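> Fold the following for me, if possible:
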Amino acid sequence: MPRPKRAQKDKYGETKQRYQIMLTETASAELDKVSEELGITRSELIEKAIRQGLLSQVKLEPSEITDG
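Now for the predicted structure:
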């Protein structure tokens, strides 16, 4: 099923803003694959992941933590 070009406006009661992120080719391809499978946009997939608390499940390896 082809995914829509844009997510529904005001679906979350807020106006969406444009942001720029940087991804590796691998991460971008995975984002495309999953969003295509779900029939939603990349933006909507990211929105859902954040709103469902999936980002809080991300764990960093000790070598990835910097004092920065």
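> The residue most central in space within the chain: which element?
With distances taken as CA atoms, centre = their mean, Ile46 lies nearest the centre of the chain, 2.0 Å away. Element membership for Ile46, per DSSP states H and E: helix 42-51.
> Point out where the protein drops to low pLDDT.
Scanning the chain for pLDDT under 70 picks out 1-10, 67-68.
> Helices of that one, residue ranges please.
Secondary structure of the chain by DSSP state H: the helices cover 25-38, 42-51.
> From Tyr12, how far off is the residue nearest to Leu38 when sequence neighbours are not counted?
Residue nearest to Leu38 in three dimensions, not counting chain neighbours: Leu45, with 6.6 Å by CB to CB, 6 or more residues apart in numbering. For glycine as for every other residue, the C-beta is placed from the backbone atoms N, C-alpha and C. Per CB to CB, to the nearest Å, Leu45 is found 14 Å from Tyr12.
> backbone phi and psi for Glu14, please?
Dihedral angles of Glu14 (phi, psi; degrees, to the nearest 10) stand at phi -130, psi 160.
> okay, now it: neighbour count?
By other CB atoms under 10 Å, the residues close to Glu14 number 7.
> Contacts only, for it.
Contacts for Glu14 (CB atoms under 8 Å, 6 or more residues apart in numbering) come out as none.
> Okay, it and Glu47: tell me how far apart.
To Glu47, Glu14 is 10 Å away according to CB to CB.
> Same check on Ser56?
15 Å.
> Of the two, give the one with the bigger neighbour count.
Taking other CB under 10 Å, Ser56 and Glu47 do not tie; Glu47 has more neighbours (16 against 8).
> Could you check how far that one is from Leu38?
Glu47 sits 12 Å away from Leu38, going by CB to CB.
> what touches both of the two?
Among the neighbours of Glu47, none is also in contact with Leu38 (CB under 8 Å, 6+ apart).
> and for stretch 44-54, what are the contacting residues?
With CB under 8 Å, 6+ apart, stretch 44-54 has contacts from Ala7, Tyr12, Leu31, Val34, Ser35, Leu38, Ile40, Leu55.
> Repeat the analysis, applying 7 Å as the threshold.
Ala7, Leu31, Val34, Ser35, Leu38, Leu55 (CB atoms under 7 Å, 6 or more residues apart in numbering).
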